[in-house]
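In: Okay, sequence plus prediction incoming.
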Amino acid sequence: MKLLRFFRGFVPACLLVSGAGSAQETVRIGAVLPVTGKESKIGSAYKQATELAVKEANDAGGLQVGGKKLQVQLTLLDDTSDAAKSAQLVEQLITETKVHALTGGYGSQLVQAQSVVPERYGVPYVSAGAGATSIYGRSKWVFGTLSPVEHLARTQMEFLADLVAGGRLKSPLSIALITEQTEHGNDYAKGVKDYVAAHAGAWTLGLEQKFELYAPDFRPLLGRVQAGKADLFMADAHLEDFISMQRTYTQMGIRNQMITYGARGADEAARKALGAATDYIFASGWWSDLLPYPQVKAFDERYKAATGVAPQWYHAVAYETTRALLVAIERAGSLEPEKIRAALAALRLEKSIVPGAVLYFTKTGQADLPFVVTQNKPGGKVDLVWPKEARTGEAVAPIPWK
Amino acid sequence: MEKLAGVLLSSLFAAGLYATMSYGLAVIYGVMRIINLAHAGLMMLAAYVTLTLNVRFGLDPFLSLFLVAPLFFGLGMLLDMALVRRLPRGGTTPSMQSLLLLFGLWLVLQNLAYLLWTGDTQSILTPYTMSSVRLLGDSYGIPLLLVFGVSLLSLVGLDLLLRKTFLGKAIRAVTQNRDAARLSGVNADRISAVAFGLGTAFAAIAGTMMSTLYAFTPDFGRSFLLKAFCIIVLGGLGSFTGVAVGALVLALIENLFAAYTPIPTSFQDAISFSLLVLVLVAAPSGLPALFRSFSRKAVAR
């Protein structure tokens, strides 16, 4: 009877101790991603890349934290692309799963919703999926690896300025600036307008128009572009709008010297939908597998071997964001939230796969990395045309319309 | 003058598209007094079926109409028998239950599409997708012209069905007065099922044609649904010729504003919905009724 009583007390005590022990023995990372719903395509890619980064860390023996090797335990939840659910799940990860840090989130709207929760509980949070500047700088706990969309626009202007300097385009050049009615579109427009204002004389804004997402008819808008006779067509659009707008643009027979749709251009879905009508469109991005760094080549091969998928920019950014968080935890040498946060703020991740090869966060918590510019070429080819030192082919300018 | 002709032609072609996506809503509302909130989901589903027929069997989207329309007609009748018929009748206004049921159906269709086709952006590229013809100095895409042609045929077909066949007369009778139609021996439940099937088939025709113009995901159709609401209100809720008139008026206003005013084109929707509010206040029976009233007054003078 005494033995029974002993076991009754001993067994739960052992479980408690072992539970407490195992809680100490892992680094708990949480992520909330849109694995289903309208953002599921990229959300699923983020999930795959995040899991790979964690798996690689665990396969290498785990993280060295405070003299101990700890395995990483990733808890990944699906917000079904719903902003309200997204914030609620982040809270659940913090209060119930007791995560030490958070990563993930894709889409400015979803990340915006998530980003208010870490501040409330004092947990470090690194997003890989939002470039809108308004998300950052409000909380010391929120970091993001996507550089501002304004800088994307500035990079495109610098690329065009280089074409002018090389005599390929003739200054002054007028721009038709067409952007979607979103924070992304507004940031892009601001980037172009700021550059034009700073380089008055060389550039003029011939036309500036906004459009609603998923507009049913782009003809009235493009009619204004056609009448405006601008030299350059610079738009910022979601994939669906890019496809619809470029179809109408082509059917209307509009001809500009250069065309861009911001970050859109080399997408496989667009090339399938538009065929040769995407040729010579240039696009900026947060990453390209054409970057000439050995670490990019190694990542590309590793990713293909592990998943059977050729990594796109969203795989690379999600992977590198998770890696940056894990490196920061190692550098913090502790699982205390404040120490992890301080390590993130001070992070300089050398030999990174991002453009510029060094990942770091500015004072607002948002990364400020260079963008790459790619240009579609006939036959489905894509060349990296900017930055100059990394280019895989010459930019074709102006577009040789047939 | 050439500019005005271009604007008028653009409006006419845009009206073809707008009318096509509104006929289905008008048919169902006219006969059943139900606002089919699942209309956008049915258009989306038809776009995916068209894509599958194109990818698997190489079937041209416009030819696939001959398969997709009957298939969705059957689906519509089934939906009516399995779901819609079980709802309590809301009298002359749509019941809350019908709105909730059809909104729920839309969500189910969306999630079904996510399951079957994922959330990837899809589109259909045919040999003529990028081709265009020049009319009055402007270029117009071949798919848009084909959509306009199908829209005209749909209107003529619908008109013939309603005016020349017994089924059409029965539909009109139920539209005008359900109880009186029943007293005259019309099986109103069967007519409702046919009307729901017809409305679903028109949603499918719209979805198939829109798949030749736009890229789509399971979320596709939301903005088109709002525009379609606007058109059927302009057209006088349930009048099919009115739908064509409403579509033309809306397209004309949008294009004229874009061509002759500095108002940003992003205000297109604001213009559409301001017009909707105006019509609801000034002519709740739609623009055709307003025109009729004007002409009567003019004759009286």
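Out: That came through fine. As the structure is a prediction and not an experimental result, all values here were calculated from the model.
In: Helix, strand, or coil at residue A:27?
Out: Following DSSP: H, G, I helix; E, B strand; the rest coil, residue A:27 is assigned to strand.
In: Chain B versus that one, what's the distance?
Out: 31 Å (CB to the nearest CB, to the nearest Å). (Glycine included, C-beta is placed from N, CA and C.)
In: residues in contact with that residue?
Out: Listed by CB atoms under 8 Å, 6 or more residues apart in numbering or on different chains, the contact partners of residue A:27 are A:62-63, A:65, A:70-73, A:100, A:326, A:329, A:335.
In: hmm, try it at 7 Å
Out: Contact analysis of residue A:27 by CB atoms under 7 Å, 6 or more residues apart in numbering or on different chains lists A:63, A:65, A:70, A:72-73, A:100, A:329, A:335.
In: all helices for the stretch 151-300 of chain A, in order.
Out: Assigned helices in the stretch 151-300 of chain A, in chain order: A:183-198, A:219-228, A:239-251, A:268-274, A:294-307 (criterion: DSSP state H, counting those that start in this stretch).
In: now swap in the stretch 201-301 of chain B and tell me
Out: B:222-234, B:240-260, B:268-282, B:287-300.
In: now the stretch 1-150 of chain B
Out: With helices called from DSSP H, counting those that start in this stretch, the stretch 1-150 of chain B shows them at B:2-32, B:39-57, B:65-82, B:96-117, B:142-164.
In: rewinding a little: among the contacts of residue A:27, name the ones in helices.
Out: With helices defined by DSSP state H, the entries of the contacts of residue A:27 inside them are residue A:329.
In: Among the contacts of residue A:27, which lie within strands?
Out: A:63, A:65, A:70, A:72-73 (DSSP state E).
In: can you redo these as CSV with distance to chain B and neighbour count?
Out: Formatted as CSV, the ones in strands among the contacts of residue A:27 follow (distance: CB to the nearest CB, whole Å; neighbours: other CB atoms under 10 Å in any protein chain shown):
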residue, distance to chain B, neighbour count
A:63, 33, 20
A:65, 37, 19
A:70, 35, 22
A:72, 28, 21
A:73, 28, 18
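In: farthest pair in the residues you listed?
Out: Maximum pairwise distance among the ones in strands among the contacts of residue A:27 (CB to CB): 13.0 Å, between A:65 and A:73.
In: Tell me which helix or strand in chain B has the weakest average pLDDT.
Out: helix B:287-300 (a mean of 71; mean pLDDT, DSSP states H and E).
In: quick revisit: for residue A:130, find the nearest of the helices of the stretch 201-301 of chain B.
Out: Closest of the helices of the stretch 201-301 of chain B to residue A:130 is helix B:222-234, at 22.9 Å (criterion: CB to CB).
In: tell me which residues in that closest one are buried?
Out: By neighbour count on 16 or more other CB atoms under 10 Å in any protein chain shown, the buried set for helix B:222-234 is B:224-234.
In: What helices and strands are in contact with that helix?
Out: helix B:2-32, helix B:39-57, helix B:240-260, helix B:268-282 (3 or more CB pairs under 7 Å, 6 or more residues apart in numbering or on different chains; DSSP states H and E).
In: still on that earlier bit, return the member of the helices of the stretch 201-301 of chain B having the minimum mean pLDDT.
Out: Mean pLDDT is lowest for helix B:287-300 out of the helices of the stretch 201-301 of chain B, coming in at a mean of 71.
In: and stretch A:310-322, what's its mean pLDDT?
Out: In this model, stretch A:310-322 has a mean pLDDT of 96.
In: near chain B, anything from it?
Out: No. If you take CB under 7 Å from any CB of the partner chain as the test, stretch A:310-322 misses chain B, and the best it gets is 12.4 Å.
In: Could you do stretch A:394-402 as well?
Out: No. On the criterion CB under 7 Å from any CB, stretch A:394-402 is out of touch with chain B, staying 12.4 Å away.
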